[in-house]
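**Q** What shape does this take:
(one chain, ligands or ions: 1)
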Amino acid sequence: MSNPSAKAGNYYASAPYQNAFDIEYPQENLDGQMYQYRCKHCKKLTTEINGLLQNHAMDCAYRLAREGRRA
Ligand SMILES: [Zn+2]
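**A** Numbers count the residues shown, from 1 in each chain. This next block holds a predicted model:
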């Protein structure tokens with residue numbers, strides 16, 4: 001925890017978390033904003049979602065599907 005590089009190493013070691021990073025949701029490009037993408041279902045920006053399923057909208061079809069599958 002105190003050593004940043006050791007922490008980075010642990011990050012990969014603990015990666016098998018299925019729900020740690022979830023970036024397989026369908027994305028779409030924002031009109032006129034070349035580098036902005038958002039979830040095709042809930043329209044949240046990828047920068048808001050940040051790879052976390054819980055950052056999708058509560059009623060996001062993708063989130064619901066993933067959570068249903070996990071439960
Ligand atoms: Zn979504």
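
**Q** residue boundaries of the strands in the protein?
**A** 27-30, 33-39 (DSSP state E).

**Q** For the shortest one, name the packing helices and strands.
**A** Translated: strand 27-30. On a contact count with 3 or more Cβ pairs under 8 Å, 6 or more residues apart in numbering; DSSP states H and E, strand 27-30 meets strand 33-39. Just so you know, the C-beta spots here come from the backbone N, C-alpha and C atoms, and that holds for glycine as well.

**Q** wait, does the strand it packs on contact the ion?
**A** Yes. Strand 33-39 is in contact with the ion by Cβ under 5 Å from the ion, via Cys39.

**Q** Give me the residues contacting that strand.
**A** With contact meaning Cβ atoms under 8 Å, 6 or more residues apart in numbering, strand 33-39 is reached by 25-30, 44-47, 49, 56, 60, 62.

**Q** rerun that using 7 Å as the cut-off
**A** Residues outside strand 33-39 that contact it (Cβ atoms under 7 Å, 6 or more residues apart in numbering) are 25, 27-30, 44-46, 49, 56, 60, 62.

**Q** For this structure, which residues are neighbours of the ion?
**A** Counting by Cβ under 5 Å from the ion, the chain comes close to the ion at 39, 41-42, 56, 60, 62.

**Q** Now do the end-to-end distance for stretch 32-49.
**A** 20 Å (Cα to Cα, to the nearest Å).

**Q** Tell me the buried residues in that stretch?
**A** 38-39, 41-42, 44, 46, 49 (16 or more other Cβ atoms under 10 Å).

**Q** before we move on, the earlier item: a markdown table please, covering the residues of the chain next to the ion and showing distance to Phe21 and pLDDT.
**A** Formatted as a markdown table, these follow (distance: Cβ to Cβ, whole Å; pLDDT from 0 to 100):
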| residue | distance to Phe21 | pLDDT |
| --- | --- | --- |
| Cys39 | 14 | 97 |
| His41 | 18 | 97 |
| Cys42 | 17 | 97 |
| His56 | 13 | 96 |
| Cys60 | 16 | 97 |
| Tyr62 | 14 | 95 |
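
**Q** Just the pLDDT for the nearest residue to Thr46 once chain neighbours are set aside.
**A** Spatial nearest neighbour of Thr46, chain neighbours left out: Tyr37 (4.5 Å); criterion: Cβ to Cβ, 6 or more residues apart in numbering. Note on Tyr37: pLDDT of 96.
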